[in-house]
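coords please:
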Amino acid sequence: MTVGPAPPAMRRCPRCGHLTRADRMIKGYGRDCAAQLGLIGRTVDTGHVGPDLLDLLTEEPEDACDGGDRPADRP
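Residues are numbered from 1 along each chain as shown. Coordinates of the predicted model:
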């Protein structure tokens, strides 16, 4: 009878307290917390609800600029 590999060691993330595999921790934090702290270059879905910033922008009118409305172009 063969015995499988030992289960990986588990440690608690100091930020959120979730158990995380020790071999997958980044600088002592779980992967999601490390991403939220900016320790790694990936983003975490934070469960955003509601309008985005781009939804709040008003639609711009058609650009018919002749340059006269720019302060730097005035005589």
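
remind me, longest helix of the protein?
The residue-count maximum for a helix in the chain (DSSP state H) belongs to helix 31-36.

what's the distance between it and the middle of its chain?
Remark: helix 31-36 is offset 9 Å from the chain centroid, using Cα atoms, centre = their mean, to the nearest Å.

From the contact counts, what lies against it?
With contacts defined as 3 or more Cβ pairs under 8 Å, 6 or more residues apart in numbering; DSSP states H and E, helix 31-36 has no packing partner among the helices and strands. From N, CA and C alone the C-beta is placed, and that goes for glycine too.

Name the residues that touch it?
Under the contact criterion Cβ atoms under 8 Å, 6 or more residues apart in numbering, helix 31-36 has outside partners Cys13, Arg15, Cys16, Thr20, Arg24, Met25, Ile26, Lys27, Ile40, Arg42, Thr43, Val44.

quick check: mean pLDDT across that helix?
The pLDDT scores in helix 31-36 average 89.

next SSE after it?
The C-terminal neighbour of helix 31-36 among helices and strands, as given by DSSP states H and E, is helix 53-56.

re the thing from before, most neighbours, which of the contacts of helix 31-36?
Compared across the contacts of helix 31-36, Thr20 has the highest neighbour count, 22 neighbours, by other Cβ atoms under 10 Å.

helices and strands around the helix or strand hosting that one, which ones?
With elements taken from DSSP H and E, the one containing Thr20 is strand 19-21. Helices and strands in packing contact with strand 19-21 are listed as strand 10-12; criterion 3+ Cβ pairs under 8 Å, 6+ apart.

So for the strand it packs on, what gets flagged as buried?
Taking 16 or more other Cβ atoms under 10 Å as the neighbour-count basis, strand 10-12 is seen to contain the buried residues Arg11.
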